[in-house]
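Engineer: sequence? don't have it. structure:
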RNA sequence: CGAGACGUGGCUCAGCUUGGUAGAGCGCUUGCUUCGGGAGCAAGAGGUCGCAGGUUCGAAUCCUGUCGUCUCGACCA
């Protein structure tokens, strides 16, 4: 590509709307342009990177035995009604009507469609297992699109679906995809971690893993052990073992204390001179509409996903102030389990406390010396809080739990029969009996992956792509196009690279050296070949974008390195 | 969805408080000079000031509504 004819141009300043590094740089370097909130156009440079990512994904999917197909983004509402998700999915599902007032949705995912296809194509267990995949644009009307490509409303996704006759078969299919994902993210030059995950709205009975790109801007928190391989999304991670001594030393004599205007844990801690870990927090939730109380230690946070799972309910939200006051008979801030007329669920860490301080269910009053079980009935105990940093790993009991931020670039699920049962996707088993097929689903956010790599591979000057996904392999930069020696050498090298199938970008613009170098570093092609003052001797500069390392080499050597082994430099 | 902020040439912004008919830098065009780290000089082009109402002799500026965008939160494969 001749840079003089490149469609996009670089921006000297970041557009004011951009916040994330990847967003700013992708805009400035001319990879993407925004069209609406969470909706982006890919300019030629951006599309090249996207294409590279797609190719890697396709190669690994094919290698894992998956077959590519393409399903429609426009999907009849009936399909979504049948699975029960038309209403459950909520406003994130973009709904529209055709001229006949027939209802459609723009696909945020394709479990329904693929189950429908399967139902009509395959009816015998003898044709299993089978896995299909597609690379396709998805639509999700996010409440809050942000950070450019990291959370868009229209985005490119690879989704795959496996069909098996048995759970053992699903395990094998899942393992195959999991391993393909490891290869894909490695090939993309991503620093990532595979973690245990919660299956969320996509649901299903089996396990689930997320592939997290490590980045501070990530919206997910990963809980990882310093000693063993255990790592999980905080949504799912088992709480660690607390270093806190179990005997505590607090009074176990139940006693009511006047605590005027003390509503928060912080205030209570200060008022009583007791650490938050000696206090108990009572939260009232509406669980499928029914009020329940949850008790966690003052220094802990309720994990609503774990709580939801533990309660076995569909909907869970904090009760509103009116409900709290009706249930406790006290203003918000004084709720406590003693004498509470609703079921009380107790976190494991609270259950281990010899005694604690709780709200009095009466304005300006708290109980101290409260013992769970003795002073109030415990409906059930369980792990319903977030793991905390620094706790001992509950798995190996050796290491410490550490938190990391991550961007979810891939997610694999064992779905089981949730969609096949609803969609009538069954096969005849060996006895000729119809049974729902066992499904898995596997997603990679390709456009998000692009942004995640940009998030990890950049410096103050611009992007620095890994060779495997860079828009070009080499950026040929003649310092002065007017110098005939430089110009003809640069042109000759460019032609040679193209002839050997090496993608090259030639900066043939009549710009000053500073402009060319700055643009080159912004665009981030892995290798820059500077054709300058050494051109007369047939030498060029080889500049590594990522390290900044520069060496003067004969032009033949530079060409040989680029043509000979494409993958050898990074 | 709750809260906050912002919409002025392609980009970054000033002007708005105190209404008087639109500015700067970057980018773009042309010419001359310069030429290995975002050049200098000169001359140009480019804007219904998001949109719609209202107030006023007069609105980028004041008022109302509306649309859009961003940030924080809530929520969420």
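Structural biologist: Looks like it arrived, so ask away. Quick caveat: nothing in here was measured; it's all calculated off a predicted structure. Residues are numbered from 1 along each chain as shown, chains lettered A, B, ... in the order given.
Engineer: which residues does the closest residue in space to residue A:196 that isn't next to it in sequence bridge with?
Structural biologist: Leaving aside its chain neighbours, residue A:196 sits nearest to residue A:232 (3.9 Å; criterion: C-beta to C-beta, 6 or more residues apart in numbering). C-betas here are computed from N, CA, C, even on glycine. Beta bridges link residue A:232 to residue A:196, residue A:223, judged by DSSP bridges.
Engineer: Counting neighbours, what do you get for the nearest residue to residue A:157 once chain neighbours are set aside?
Structural biologist: Among residues not flanking residue A:157 along the chain, residue A:138 sits closest, at 4.7 Å (C-beta to C-beta, 6+ apart). Applying other C-beta atoms under 10 Å, we find 20 other residues in the vicinity of residue A:138.
Engineer: ditto for residue A:531
Structural biologist: By the criterion of other C-beta under 10 Å, residue A:531 has 30 neighbours.
Engineer: Check the one 10 residues further on too.
Structural biologist: Residue crowding around residue A:541 was assessed by other C-beta under 10 Å; the count is 18.
Engineer: Repeat that for residue A:256.
Structural biologist: 13.
Engineer: Using neighbour counts, pick out the buried residues of the helix or strand where it lies.
Structural biologist: Under DSSP states H and E, the secondary-structure element containing residue A:256 is strand A:255-258. Residues of strand A:255-258 classed as buried by neighbour count (16 or more other C-beta atoms under 10 Å): residue A:257.
Engineer: Next up, the contacts around residue A:284.
Structural biologist: A:291-294, A:318-319, A:323-324, A:327-328, A:335, A:342 (C-beta atoms under 8 Å, 6 or more residues apart in numbering).
Engineer: Residue A:162 - that's part of a helix, no?
Structural biologist: No: read with DSSP: H, G, I helix; E, B strand; the rest coil, residue A:162 is strand and lies in no helix.
Engineer: Provide a complete list of residue ranges assigned to strands in the stretch 451-570 of chain A.
Structural biologist: With strands called from DSSP state E, counting those that start in this stretch, the stretch 451-570 of chain A shows them at A:458-459, A:462-463, A:474-478, A:504-506, A:527-531, A:539-544, A:550-554.
Engineer: For the last one, name the packing helices and strands.
Structural biologist: For strand A:550-554, the elements it packs on are strand A:539-544, judged by 3 or more C-beta pairs under 8 Å, 6 or more residues apart in numbering; DSSP states H and E.
Engineer: Listing partners with orientation, what would you give for the strand it packs on?
Structural biologist: Strand A:539-544 has these strand partners (DSSP bridges): strand A:527-531 (antiparallel), strand A:550-554 (antiparallel).
Engineer: Deepest in the core, which of those is it.
Structural biologist: strand A:527-531 (a mean of 26; mean count of other C-beta atoms under 10 Å).
Engineer: Which residues does that one contact?
Structural biologist: The contact list for strand A:527-531 (C-beta under 8 Å, 6+ apart) reads A:467, A:473-479, A:486, A:489-490, A:493, A:520, A:540-545, A:550, A:558, A:562, A:569.
Engineer: Would you mind checking these for buried ones?
Structural biologist: If you count burial by 16+ other C-beta under 10 Å, the buried members of those come out as A:467, A:473-479, A:486, A:489-490, A:493, A:520, A:540-543, A:545, A:558, A:562.
Engineer: near RNA strand B, from those?
Structural biologist: A:479, A:541, A:543 (C-beta under 7 Å from any atom of the strand).
Engineer: closest to RNA strand B among those?
Structural biologist: Closest approach to RNA strand B among those (C-beta to the nearest atom of the strand): residue A:479, at 4.1 Å.
Engineer: Read off the pLDDT value for the closest one.
Structural biologist: Note on residue A:479: pLDDT of 96.
Engineer: Was I right to think it contacts residue A:513?
Structural biologist: Yes: with contact defined as C-beta atoms under 8 Å, residue A:479 counts as touching residue A:513 (4.8 Å).
Engineer: Can you tell me which residue of chain A sits closest to RNA strand B?
Structural biologist: residue A:532 (1.8 Å).
Engineer: Quick check: closest non-adjacent residue to that residue.
Structural biologist: Leaving out its chain neighbours, the residue that sits closest to residue A:532 by C-beta to C-beta, 6+ apart is residue A:479, at 3.8 Å.
Engineer: and the stretch 1-150 of chain A, which of its residues are near RNA strand B?
Structural biologist: Listed as neighbours of RNA strand B in the stretch 1-150 of chain A under the rule C-beta under 7 Å from any atom of the strand: A:9-17, A:19-20, A:34, A:36-38, A:92, A:140, A:142-147.
Engineer: which residues of the stretch 251-400 of chain A fall in helices?
Structural biologist: All helices of the stretch 251-400 of chain A, identified by DSSP state H, counting those that start in this stretch, fall at A:265-272, A:304-311, A:321-328, A:348-351.
Engineer: now for the last one, which elements pack on it?
Structural biologist: In this case it means helix A:348-351. Judged by 3+ C-beta pairs under 8 Å, 6+ apart, helix A:348-351 is in contact with strand A:290-297, strand A:380-382.
Engineer: so the longest one versus helix A:265-272, what angle?
Structural biologist: Calculated by axes from the mean of the first three to the mean of the last three C-alpha atoms, to 10 degrees, strand A:290-297 forms an angle of 50 degrees with helix A:265-272.
Engineer: for strand A:290-297, the distance to its chain's centre please.
Structural biologist: With C-alpha atoms, centre = their mean, to the nearest Å as the basis, strand A:290-297 stands 29 Å off its chain's centre.
Engineer: At the geometric centre of chain A, which residue sits there?
Structural biologist: Nearest residue to the geometric centre of chain A (C-alpha atoms, centre = their mean): residue A:408, 1.4 Å.
Engineer: Give me the three-state assignment for the closest residue in space to residue A:466 that isn't next to it in sequence.
Structural biologist: Spatially, and ignoring its direct neighbours in sequence, residue A:466 is nearest to residue A:189 (2.9 Å; C-beta to C-beta, 6+ apart). State at residue A:189, reduced to three classes by three-state DSSP: coil.
Engineer: In three-state terms, label the nearest residue to residue A:509 once chain neighbours are set aside for me.
Structural biologist: Excluding the flanking residues, the one nearest residue A:509 by C-beta to C-beta, 6+ apart is residue A:4, at 4.9 Å. Using three-state DSSP, the structure places residue A:4 in helix.
Engineer: again with the one 5 residues further on
Structural biologist: The three-state label given to residue A:9 by three-state DSSP is coil.
Engineer: quick one: pLDDT of it?
Structural biologist: As predicted, residue A:9 sits at a pLDDT of 91.
Engineer: What about it, how many residues nearby?
Structural biologist: By other C-beta under 10 Å, neighbour count at residue A:9 equals 11.
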